[in-house]
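>>> Predicted model follows, preceded by the sequence.
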Amino acid sequence: MRRIATAAWILCLAGAAPGADMPKEDVIDVPAVGEGLCVHNLFQSNMVLQRDKPIAIWGWADPGETVTVAFAGGEQKAAAGADRSWKVTFPALPANATPAAMTVRGKNRTLTLENILLGDVWVLGGQSNMEFPLAGVENGWLEIVSARFEGIRVLTVPAQDGPETKKGFPRLHEWSDWSGRHFRKGDWDVCSPEIARELSAIGYVFARRLHMATKVPIGVIDTSRGGTTVETWTPAPVLKAIDAPEVRAKLAEWDAKIAAWDPQKDLADRVQRHAQQLERLKKEGKPVPPDAKAPTDLRPGPAADRNRPGNCYAGMIAPLEGLAVKGALFHQGFNNALGGGSAGAALYYQIFGKMIAAWRAAFGDPEMPFGIISLCTAGEPQSLDNYVERMFDDGIYIREVQYKTFLDFLKAGDRNVGYASSYDKRKSWYHPQIKIPVGERIARWALATQYGMEKEIKWKPPMLKEMKVEGGKIILKMDTAVCAVDDGPIVGFAIAGADRRFQPARAEFLVKGMDDRKRPQYDRTALVLSSPHVPEPIHFRFAWGRNPLANLQSADHNDLPFATQRSDDWKMEEVPLGVLGGEPLKEGQLSGAQRGKILQALRLEDIGRRLKDAQAFIDEHRAAYEKERAKEQERRGAK
C-alpha cells in the first residue's frame with residue numbers, strides 16, 4: 001500500500017472520490033478508518049443510497065464528539081462513543097435522480113459528499129465468474145462504448161484477509177496476480193466507459209437493464225473474489241452452528257491446518273530457498289537483482305487464507321453490515337467443485353441456504369431479494385460420443401444443489417429468491433466469456449419480481465410437476481410448454497435402471513390423441529423418455545454434464561433452460577453400481593485411482609452403446625443399402 005499524500009487525503013475527507021479531481025495515476029490509498037472525524041468508506045460522493053428504507057450513516061470521531069449529518073432537508077445528530085464510532089439514521093426517502101449533497105459536521109471539521117442519488121443498491125457476490133470484467137467478455141466492448149449512465153453508480157470492495165471482522169474497507173489500488181496490474185477499489189464512481197470496462201460484466205448488464213426499464217438510479221456494490229468457496233462467504237458462527245458431519249469435518253480440517261502452521265519454520269524455509277536461488281544465479285553467471293533481499297516477515301499462513309471458513313464474510317461482507325440495500329446476486333461454485341464428490345455437494349447444500357439467511361441478516365432484511373446464478377460451464381463439451389463419461393464431474397452436483405436450494409426457498413413460500421441457469425452459455429474455459437446474456441437473464445427475475453413487471457416478463461425456468469414410470473418409459477409433466485432451442489430433437493436427458501447405468505434418452509412429446517386426419521396431437525408440456533439400452537428405467541437426469549449437451553427450454557419465446565436436476569439421490573461414487581467393489585473411501589473422498597476406475601467404466605459404457613447403435617444401424621439399413629447398391633450397379637452396367 002502506498003503512502004497517503006496530503007492533497008489526496010484532504011480530498012477524501014471532503015468526500016471527493018480519489019481520481020475524480022486528479023489524474024488516475026495520482027490516486028492514493030485511504031485507510032478503512034481515518035483519524036478524527038470521518039465517515040465509513042461506504043459513504044462517498046457519487047454513491048447511491050437505498051430508497052424506501054431508513055438510511056443509516058456512520059463513521060468515527062473523537063470520543064464524545066457530537067456529529068451532525070444533514071441530508072435531503074433533514075438533520076440528525078449523534079455523539080461518538082468511547083470506541084470513536086457514531087451513527088445516525090434518516091427516515092426512508094423515495095427514489096430521486098436529482099444529485100444531492102450531504103454534510104457531516106463535527107467540532108472543527110466539515111465533510112461534504114456530493115452527487116448522491118436515491119435508488120436501489122444491489123450487492124454482487126461470488127467468485128471470479130461474477131468478478132470477470134466487461135472488457136473480457138464476448139461483445140463487451142459494444143457495452144463499454146455505450147456505458148454512459150449518470151444514474152448507475154458502482155463500487156468494488158477491495159479484498160481483506162484474516163478472520164477478524166472488519167469495520168470498514170480501504171480505498172486503494174489492489175494488485176491482481178491474474179491480470180498482473182493494479183485495480184482501483186473502494187471508490188464510488190459514475191458509470192462511464194472507463195469505469196464499466198473493469199466492472200463485473202454480469203453486474204453491469206444487470207444494472208443497465210434495471211436502470212433502463214425503471215429509470216430508478218441503480219447502485220452496484222461488487223464484493224466478489226476469485227478462487228473462493230461458499231463456506232468462506234458464510235459467517236464463522238453460522239458455520240459452527242451447523243450440525244452436519246461434512247461441515248464439522250471441514251471446520252476440523254482448517255483447525256488442523258492452522259494448528260500445524262509454524263511461521264518461524266516457514267520463514268526459515270523461505271530464507272533457505274532465497275539463498276539457494278542466489279547461489280544458482282551466481283553459478284549460472286547471471287546478475288543478482290539489486291533488490292533481492294532475504295525475507296524477514298512472518299506470514300499468517302492458513303489463518304488468513306481467503307478460503308478459511310468465514311474469512312471472506314469477515315473481510316468483505318461484514319464491513320457492509322447495516323447498509324440498506326435492495327438485494328444481492330451470487331454466482332459461485334467452481335472452487336467447491338474441486339474433487340469433493342458427494343460429501344462436497346452435501347457440504348454446499350448444508351451451507352448455502354444458511355449463507356443466504358446470513359446475508360439477509362447482515363443487510364437488515366430477512367426477506368431481501370437474493371438471485372442465484374448457477375455454476376457456469378467448464379471443460380470439454382459433452383457429446384453423444386462421450387456422454388456418460390462427462391456425467392462424472394463434481395461441478396454438476398454443485399449446480400444441482402444451487403437449484404435445489406432455490407426450490408427449497410420457493411416451496412417454503414419465499415418469493416424473493418430467484419434463479420438463473422448459465423450452463424447453456426457454453427465455453428470450454430472455466431471463465432466462459434458469454435456473460436452478457438447471463439446478466440440479462442438474472443435481470444429478468446429482478447424486473448419481474450421486484451419491479452412489478454411479472455405480467456410482461458417471464459423469469460422462472462420450466463419446472464417439473466410430476467414424474468411417473470410406465471411401460472419401460474419415464475413420463476415428465478412440466479408446468480409450461482417446452483421445446484428444443486433449435487426446434488430440433490430434444491437432447492440432454494439420461495435415464496437409468498436399478499443398476500445405475502445411465503444412457504442418453506430419446507425425449508418425445510406425449511401424444512394426447514389424433515386429429516381428424518389421423519395426425520398425432522402432442523402435449524408439449526409432457527415428455528416421454530426412453531432408451532433401447534435401458535429397458536426398465538427408474539430415474540432421469542438432465543443437463544448432467546459440466547459443459548452439457550442439453551437444449552430444452554421454455555417454448556414461449558424465452559431462452560429459459562430447464563435447470564440441471566435429477567430424480568435420483570444416488571451418490572457420485574456409486575454410479576454405476578459395483579465399479580469400486582466395496583472399496584472404502586478415505587475420509588469420504590474418492591482417490592485418484594478410484595476416480596480412474598469409475599471413468600474407465602463410464603468410457604466403456606459409451607463405447608458399448610455406440611457399438612450397439614452402430615450394429616443396430618447396420619442391421620436396419622444393410623438389406624436396403626445392398627438392394628439399392630445392386631440396382632445402381634445394374635444401371636451403370638446397362639449404360
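Sure, I can see it. Numbers count the residues shown, from 1 in each chain.

>>> Only C-alpha atoms from now on, for both contacts and neighbour counts.
Fine.

>>> tell me which element the nearest residue to Val205 once chain neighbours are set aside falls in.
Leaving aside its chain neighbours, Val205 sits nearest to Gly439 (5.2 Å; criterion: C-alpha to C-alpha, 6 or more residues apart in numbering). Secondary structure assignment for Gly439, by DSSP states H and E: helix 436-450.

>>> Report the buried residues of that helix.
Buried residues in helix 436-450, counted by 16 or more other C-alpha atoms under 10 Å: 436-449.

>>> where does the stretch 451-600 of the chain have low pLDDT?
Along the stretch 451-600 of the chain, no part satisfies pLDDT under 70.

>>> Using PDB, write down the CA coordinates of the lengthiest strand in the chain.
Secondary structure of the chain per DSSP state E: the longest strand is strand 110-126. What follows is strand 110-126, C-alpha atoms only, in PDB (Å, rounded to 0.1, in the frame of the first residue of the first chain):
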ATOM      1  CA  THR A 110     -17.000  19.500   8.000                       C
ATOM      2  CA  LEU A 111     -17.100  16.800   5.300                       C
ATOM      3  CA  THR A 112     -19.200  17.300   2.100                       C
ATOM      4  CA  LEU A 113     -20.400  14.400   0.000                       C
ATOM      5  CA  GLU A 114     -21.800  15.400  -3.400                       C
ATOM      6  CA  ASN A 115     -23.700  14.000  -6.300                       C
ATOM      7  CA  ILE A 116     -25.700  11.400  -4.200                       C
ATOM      8  CA  LEU A 117     -28.700   9.700  -5.700                       C
ATOM      9  CA  LEU A 118     -31.600   7.800  -4.100                       C
ATOM     10  CA  GLY A 119     -32.400   4.500  -5.800                       C
ATOM     11  CA  ASP A 120     -31.800   0.800  -5.500                       C
ATOM     12  CA  VAL A 121     -28.500  -0.800  -4.300                       C
ATOM     13  CA  TRP A 122     -27.600  -4.300  -5.300                       C
ATOM     14  CA  VAL A 123     -24.700  -6.400  -3.900                       C
ATOM     15  CA  LEU A 124     -22.700  -8.700  -6.100                       C
ATOM     16  CA  GLY A 125     -21.200 -11.800  -4.500                       C
ATOM     17  CA  GLY A 126     -19.300 -14.900  -5.600                       C
END
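
>>> quick one: strands adjacent to that strand?
Using DSSP bridges, the strands paired with strand 110-126 are strand 48-50 (parallel), strand 96-105 (antiparallel), strand 218-222 (parallel), strand 327-331 (parallel).

>>> Pull the residues that contact stretch 490-508.
With contact meaning C-alpha atoms under 8 Å, 6 or more residues apart in numbering, stretch 490-508 is reached by 384, 387-388, 483-484, 489, 527-531, 533-544, 548-552, 575-577, 605.

>>> Buried ones among these?
Applying 16+ other C-alpha under 10 Å to the contacts of stretch 490-508 flags 387-388, 483-484, 527-531, 533-534, 536-544, 548-552, 575-576, 605 as buried.

>>> quick check: mean pLDDT across the helix holding Gly439?
For helix 436-450, the mean per-residue pLDDT is 97.

>>> ok, now stretch 629-637?
Stretch 629-637 comes out at a mean pLDDT of 87.

>>> May I see the buried residues of it?
By neighbour count on 16+ other C-alpha under 10 Å, the buried set for stretch 629-637 is empty.

>>> Can you pull the poorly scored residue ranges out of the stretch 51-200 of the chain?
178.

>>> can you pull out the helices in the stretch 151-300 of the chain?
Listed in chain order, the helices of the stretch 151-300 of the chain (DSSP state H, counting those that start in this stretch) span 193-196, 201-214, 236-240, 245-260, 263-283.

>>> CA-only coordinates of the last one in CSV, if you can.
Right, helix 263-283. Provided in CSV are the C-alpha atoms of helix 263-283 (Å, rounded to 0.1, in the frame of the first residue of the first chain):
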residue,chain,number,x,y,z
PRO,A,263,5.6,-19.2,11.0
GLN,A,264,9.3,-19.5,12.1
LYS,A,265,9.8,-22.7,10.1
ASP,A,266,8.1,-21.1,7.1
LEU,A,267,10.4,-18.1,7.3
ALA,A,268,13.5,-20.3,7.7
ASP,A,269,12.4,-22.3,4.6
ARG,A,270,11.9,-19.2,2.6
VAL,A,271,15.3,-17.8,3.7
GLN,A,272,16.9,-21.1,2.6
ARG,A,273,15.2,-21.0,-0.8
HIS,A,274,16.3,-17.4,-1.3
ALA,A,275,19.9,-18.3,-0.6
GLN,A,276,19.7,-21.3,-3.0
GLN,A,277,18.3,-19.0,-5.7
LEU,A,278,21.1,-16.5,-5.3
GLU,A,279,23.6,-19.4,-5.4
ARG,A,280,22.1,-20.7,-8.6
LEU,A,281,22.2,-17.3,-10.2
LYS,A,282,25.9,-16.9,-9.3
LYS,A,283,26.7,-20.4,-10.7
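
>>> which other residues reach the helix or strand following that helix?
Downstream of helix 263-283, the next assigned helix or strand under DSSP H and E is helix 311-312. The contact list for helix 311-312 (C-alpha under 8 Å, 6+ apart) reads 159-164, 232-236, 304-306.

>>> Mind giving me the PyMOL select for those residues, buried ones only?
Of the contacts of helix 311-312, the buried ones can be selected in PyMOL as follows, counting by 16+ other C-alpha under 10 Å:
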select buried, resi 159+160+161+162+163+232+233+234+235+236+304+305+306
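
>>> export the contacts of helix 311-312 to CSV and tack on distance to Met368?
Output for the contacts of helix 311-312, formatted as CSV (distance: C-alpha to C-alpha, whole Å):
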residue, distance to Met368
Ala159, 24
Gln160, 25
Asp161, 27
Gly162, 27
Pro163, 26
Glu164, 26
Thr232, 21
Trp233, 17
Thr234, 16
Pro235, 17
Ala236, 21
Ala304, 30
Asp305, 29
Arg306, 26
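
>>> Can you say which two of the contacts of helix 311-312 are spatially most distant?
Ala159 and Ala236 (17.6 Å; C-alpha to C-alpha).

>>> List the strands paired with the strand or helix carrying Gly418, with their directions.
Gly418 is located in strand 417-420, with elements delineated by DSSP H and E. Taking DSSP bridges as the criterion, strand 417-420 forms sheet pairs with strand 370-373 (parallel).

>>> In helices only, show me the buried ones among the contacts of stretch 490-508.
With helices taken from DSSP state H, the overlap with the buried ones among the contacts of stretch 490-508 comprises Glu605.

>>> quick one on the thing from earlier: run the chain-centre distance for the next helix or strand after the longest strand of the chain.
Scanning forward in sequence from strand 110-126 by DSSP H and E, the next helix or strand is helix 128-131. Between the centre of helix 128-131 and the centre of its chain there are 7 Å (C-alpha atoms, centre = their mean, to the nearest Å).
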